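Asks: just the structure for this:
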Amino acid sequence: MKDQGLEDIFITGYRGIDGEHHLQMELLDAFVRAVADGRDRGTIDEILDRLIDYTKMHFSSEQLLMRLYQYPRFQDHLEDHDQTIERLQALREAHAAGDRTLALETADVLSEALRAHIHSSDRALGHFLVRLGVGPG
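Replies: Sure, this is the predicted structure:
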């Protein structure tokens with residue numbers, strides 16, 4: 001996975017969302033490290049479960065904000081979230097199959113997709129919320 005500074009990729013303009021992105025990416029990085037280091041299956045499963053649960057919570061949080069403030073690009077953003085959930089399922093399947101190489105490749109694809117989503121869709125949402133004067137910018 002490419003290491004890009006938080007200053008560059010995670011600044012949406014809305015601190016709550018940025019903080020959630022930071023933790024989300026830390027969990028994904030922890031999964032990659034655990035797989036790469038050959039940690040036991042139970043440990044990796046636990047990290048992956050946390051990543052999936054946290055991502056779903058984060059998406060619910062964003063979707064609540066989008067509904068509450070009538071975000072005009074809600075449907076497109078929701079479709080991005082659905083694609084990410086599919087990528088997380090692919091990651092779970094790769095790990096369940098016991099294929100470390102495939103799991104690491106799938107994690108890399110997921111990381112790049114998340115970074116692109118954060119940089120574009122989430123940044124647009126953050127700027128929308130800040131322009132409305134919602135929450136901590």
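
Asks: so where's the longest helix in this protein?
Replies: When the chain is parsed with DSSP state H, its longest helix is helix 41-68.

Asks: residues of it that come out buried?
Replies: Across helix 41-68, burial judged by 16 or more other C-beta atoms under 10 Å covers 44, 47-48, 51-52, 54-55, 58-59, 62, 65-66. C-beta coordinates here come from the backbone N, C-alpha and C atoms, glycine included.

Asks: need the residues you listed in CSV with pLDDT and distance to residue 114, can you?
Replies: Below are the buried residues of helix 41-68 laid out as CSV (pLDDT from 0 to 100; distance: C-beta to C-beta, whole Å):
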residue, pLDDT, distance to residue 114
44, 97, 19
47, 98, 16
48, 98, 15
51, 98, 11
52, 98, 13
54, 98, 12
55, 97, 9
58, 96, 10
59, 97, 11
62, 96, 13
65, 95, 18
66, 97, 18
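
Asks: alpha carbons of stretch 124-137, as CSV, please.
Replies: Only the C-alpha atoms of stretch 124-137 are listed here, as CSV (Å, rounded to 0.1, in the frame of the first residue of the first chain):
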residue,chain,number,x,y,z
ALA,A,124,-16.9,17.1,-1.8
LEU,A,125,-19.2,16.1,1.0
GLY,A,126,-16.9,17.7,3.6
HIS,A,127,-16.8,21.0,1.7
PHE,A,128,-20.6,20.9,1.3
LEU,A,129,-21.0,20.5,5.1
VAL,A,130,-18.5,23.2,6.0
ARG,A,131,-20.2,25.6,3.5
LEU,A,132,-23.5,25.0,5.4
GLY,A,133,-21.8,25.7,8.7
VAL,A,134,-22.4,22.2,10.0
GLY,A,135,-20.1,20.9,12.7
PRO,A,136,-16.4,21.3,13.1
GLY,A,137,-14.8,22.3,9.9
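
Asks: nice, that's everything, thank you.
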